[in-house]
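# model the structure of this input:
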Amino acid sequence: MRIPTATYRIQFTPQFGFENARAIAAYLAELGISDLYASPIFKARSGSTHGYDVVDATQLNPELGTTESFDALVGELQSFGMGWLQDIVPNHMAYTSENHYLVDVLEHGPDSSYTDYFDLSWNAPFGDRQERVLAPLLGDFYGVSLEKGDIQLQYEQNGLTVNYYSLKLPLRLESYTKFLTHNLGKLTRTLGRNHPDFIKLLGILYILKNVPSEVAGKQRQDQIAFIKGLVWELYSTNDAIREFVDENLEVFNGEKGNSDSFNLLDELLNDQFYRLAFWKVGAEEMNYRRFFTVNELISVKVEELRVFNNTHSLIQKLVEEGKFTGLRIDHIDGLYNPLQYLERLQEKMGDVYITVEKILELTEDLPDNWLIQGTSGYDFLNYVNGVFCQCENESRFDRIYFNFIGSRVDYPSLVKEKKHLILEKNLAGDIDNLALLLKNISSKYRYGNDFTLNGLKRAIAEVLTLFPIYRTYITPDGIHDSDRDCIQEVIRQAKEQTPLLQHELTFIEKLMLLEFDNSLTQTEREQWIYFVLRMQQYSGPLMAKGVEDTTLYVYNRLLSLNEVGGNPSHFGINLANFHSFNQKHQARWPHTMNTTATHDTKRGEDVRARLNVLSEIPDEWEQQVNTWSAINRGHRSERQGFAIPDRNDEYFLYQTLVGAFPFAEHEHESFVERVKDYIIKAIREAKVHTAWLRPDSEYEEACASFIEKVLDFSISAEFLEAFRPFQQRIADYGIFNSLSQTLLKFTAPGVPDLYQGTELWELSLVDPDNRRPVDFEQRRTYLSTIQQQAKTDILSLIQELLSHKTDGRIKLFLTTQLLKARTEYLSLFQDGDYLPLEIQGTYANHIVAFARRQGNQTAIAIAPRFLTSLIQPGEYPLGESVWQDTHLQLPVGSSLSWKNVLAQQALEAKETLSIGAALAHFPVALLVSNAE
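From the prediction side, this is the model:
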């Protein structure tokens, strides 16, 4: 198995394809990257900027380049000895007319060859609803869209389709009869009954009416293709028939302002295997499983072996050819049976490096029977971020936040409230389906015969909202002890909070724990298991939407903690827990990924590094934020005595400005637009005053206006004069936090991952802001100059980089030095023991340090933190004058001689090492020694 030394995540888009990536391969190799980490590269919806809306996993995305350009990129990477870690999407595909598998299902219904590909109610055993597949893709109500003429019938060589803007859905075969017999008398009079082409048309109509019902699958589809070909031949060669079809299209497509004129099209649409609907309908009625609450992403039944084999065929080919050397599995929790999936994947792919996108709570572990190397790194992100938050100031931040917004907020209660909101507003239809399934099970038992659908629905909702983790992993083979404990505790809490649902909750617990009655038939046991595995698929989406995409935009105590996989009720991470986390990784998941920024993170890694500085200075932060609010009071709008933005959104904005304000003044204008877009997204996600389902344009426009005013020098000179010195001070300290964070990422157990562009300062906000183009030419030039200067006079280079630290070159220098060290001492960093080091002296709490040891080699990482009380803005955390008597205890058996591989300086130390000496030249240190 190839274990990456370090990965570099690339977001492929139609504007940045295979040839663009090939152009930066040499730069990545020079930087020290061992493996390109690619966003999904399979055929996706046209214009996709992220690739997760796959339409065909058996093809490369033509918008990224040709097969030849892909092979050329792979060849270029391999010429530098680089591997390829590929992000794959097993859980869902795009709900679009570009998805030929789905289009086939929508045209042929249960007779389609691909019916088992999608998680439709048709495929659900045990009594789920058998109804038309919902197509909630309209921008307005169905009737309004129809009578506006937005839904149009069209005819072309492939047959009749219903078009709604770019959406194009086929009509089932039976609809052709209704269409072709409409006003047939007129064609009779035009051509005459004995005209050969008219006779052919009658023959086609006869065949249409008499297609044997027992004919299915490929045979039926061949017959349909034959019939379509006959119709097209008549249409193409006979002007009268062409005119007849075109006139019928005009009639069926109706006349605006004449409601009755749309009856024919309405009847035709009612006869399809799908039901076009307003997109908001998907929140309350749903008969297919989606990715989270996204109607446009329909879930795939990858648990079906045929589906698995097909959707992974190209992936397997590229793995076997050595083009893919690793896989990252997107949204593992969405799968019906993740363990089964991973076992099949390993069987198909062989011994290849695999990580999964998995959100773990702070004390949660990965299932130990998963055949993987670890996660894609959110767990590391939250631990490493947390050590830069000063835990002791939690109560003061509570007071500042609650005083500013004018109310107290209990985080656990808020989480439950927002989960209930998502269940009611976004997942109601999905919960209805679960309740129907449970009702069907319970009605067969005397102790469940009296359960009502409403009671079961409420019980399911209560259980799901109380789930403290993304999901459990119960399989038909049994239940793990940790999952059993989790379920029992959730049911206990649910009974306490909803005492009127005791019996329903007891029944759910019995099912979830697989406590089968002896009297159950095999079918009934399978029914229980189906319910349990299905229910497990919904706790994750609820956590994601209720917590990450709602609560984390409402609970704004300190935004650096509001991150994917994070829990902002934990005000930072203490050092003991950080070391314990790393020791667990080294013991069980030594090759998991360590990341600090991804395409999904809520804000850039250096935004968080800045905001963590606020945790050190609560009193000054309180004074500043209150001053700003007072200055800006006149910029807020009024609506019925209510100020816009509200105090919570205003508090959110000030933190965003402190964290993301650009170093370069020329970026100010674009920054204003970026913040406006970001705040609109944030307040919609919060779902307090506006939401995606019910936008409040007045509130949104007032927020955008407030941002424009406070960031306009001609209007808000007083605010900006008060804000900028403080913000610049925070940014200055944030630089040192970022360097420390970078050091820890590259030296802790795990594979360090860089998100594109983050080798310089990363001040992006949530997507799509973090998918903006990266200036690789600038980075290439910087790197070349840095590497040349480092060869001649590295200390002068460091001095120069420190004096111009806002341009980001100092972070690039650190990154390439760390990658060089990882490559040189690869075994030490991949397999070496992790030893927390004891720090003593005046500023012991301001240092995070650990050693990595393997055989006779030892490396020590030293990362400062909490610098606001050590140095003034503009100063550097260097030397004995800053660190005084602070020192660390060297590991037992260490030699006297050490080398700081960042500054290329030698050090002598015995038993203890002076922090001032280690940090004499650079703000962080990586020392390497051979033990005696």
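# only C-alpha atoms for contact and neighbour calcs from this point on.
Will do.
# now the chain, which segments are flagged as low pLDDT?
For the chain, the stretches flagged by pLDDT under 70 are 126-130, 212-217, 931-932.
# remind me, longest helix of it?
Ranked by residue count, the top helix of the chain under DSSP state H comes out as helix 717-747.
# so what does that helix touch, helix or strand wise?
Judged by 3 or more C-alpha pairs under 8 Å, 6 or more residues apart in numbering; DSSP states H and E, the packing partners of helix 717-747 are helix 378-386, strand 593-595, helix 605-614, helix 618-631, helix 647-660, helix 809-824, strand 857-864.
# between these, which one is nearest to Ile715?
Distance to Ile715, taken as C-alpha to C-alpha, is lowest for helix 618-631 among the helices and strands packed on helix 717-747, at 11.4 Å.
# and the longest helix of the chain with helix 378-386, angle?
120 degrees (axes from the mean of the first three to the mean of the last three C-alpha atoms, to 10 degrees).
# didn't Ala920 look like it was pressed against Val882?
No - the pair Ala920 / Val882 is not scored as a contact, 9.9 Å apart, by C-alpha atoms under 8 Å.
# what is the subsequent helix or strand relative to the longest helix of the chain?
strand 751-755 (DSSP states H and E).
# next helix or strand past that following strand?
With DSSP H and E, the next secondary element past strand 751-755 is helix 776-792.
# just how off-centre is that next one within its chain?
33 Å (C-alpha atoms, centre = their mean, to the nearest Å).
# cool, stretch 2-15 as well?
16 Å.
# and Asn382, what does it touch?
Listed by C-alpha atoms under 8 Å, 6 or more residues apart in numbering, the contact set of Asn382 reads 561, 563, 565-566.
# tally of neighbours for Glu417?
16 (other C-alpha atoms under 10 Å).
# name the SS class of it, please.
What DSSP: H, G, I helix; E, B strand; the rest coil gives for Glu417 is helix.
# quick one: Asn295 and Pro136 touch, right?
Yes - between Asn295 and Pro136 there is a contact under C-alpha under 8 Å: 6.6 Å.
# can you work out which residues contact both of those two?
Residues touching both Asn295 and Pro136 (C-alpha under 8 Å, 6+ apart) are 279, 282.
# next, the buried residues of the strand or helix carrying Arg344.
Element membership for Arg344 (DSSP H and E) is helix 338-349. Neighbour counts over helix 338-349 (16 or more other C-alpha atoms under 10 Å) mark 338-339, 341-342, 344-345, 348-349 as buried.
# name the nearest of those residues relative to Gly750.
Within these, the smallest distance to Gly750 is 20.5 Å, found for Leu342 (C-alpha to C-alpha).
# so what's the closest one up against?
Leu342 is in contact with 370-372, counting by C-alpha under 8 Å, 6+ apart.
# please repeat the previous calculation with a cut-off of 6 Å.
Contact analysis of Leu342 by C-alpha atoms under 6 Å, 6 or more residues apart in numbering lists nothing.
# from Ile332, how far off is it?
Leu342 is 9 Å from Ile332, where distance means C-alpha to C-alpha, to the nearest Å.
# how about Glu30?
For Glu30 relative to Ile332 (C-alpha to C-alpha), the value is 33 Å.
# same question, Arg694
Per C-alpha to C-alpha, Arg694 is found 31 Å from Ile332.
# out of these two, which sits in the more crowded spot?
Using other C-alpha under 10 Å, the more surrounded residue of Arg694 and Ile332 is Ile332, with 22 against 11.
# give the contact list for that one.
So Ile332 contacts nothing (C-alpha under 6 Å, 6+ apart).
# buried residues of stretch 71-84, list them for me.
Of all the residues in stretch 71-84, those buried under the rule 16+ other C-alpha under 10 Å are 73-74, 76-78, 82-84.
# ugh, typo on my part, it should be stretch 55-69
55-57, 59-61, 63-65, 69.
# how about the residue lying closest to Asp769 once chain neighbours are set aside, secondary structure?
What sits nearest to Asp769 in space, not counting adjacent residues and going by C-alpha to C-alpha, 6 or more residues apart in numbering, is Arg674, at 7.2 Å. Three-state call for Arg674 (three-state DSSP): helix.
# please report how far Arg674 lies from Glu364.
36 Å.
# quick one: which of these two has more around it?
Counted by other C-alpha under 10 Å, Arg674 and Glu364 do not tie: Arg674 has more neighbours, with 15 against 12.
# do you know how far the more buried one is from Lys681?
11 Å.
# ok, Lys457 next?
According to C-alpha to C-alpha, Lys457 and Lys681 sit 31 Å apart.
# same thing with Val251?
42 Å.
# before we move on, what about Gly879?
In terms of C-alpha to C-alpha, Gly879 sits 45 Å off from Lys681.
# list the contacts for the most centrally placed residue in the chain?
By C-alpha atoms, centre = their mean, the chain has its centre lying nearest to Asp600, at 4.4 Å. Counting by C-alpha under 6 Å, 6+ apart, Asp600 makes contact with nothing.
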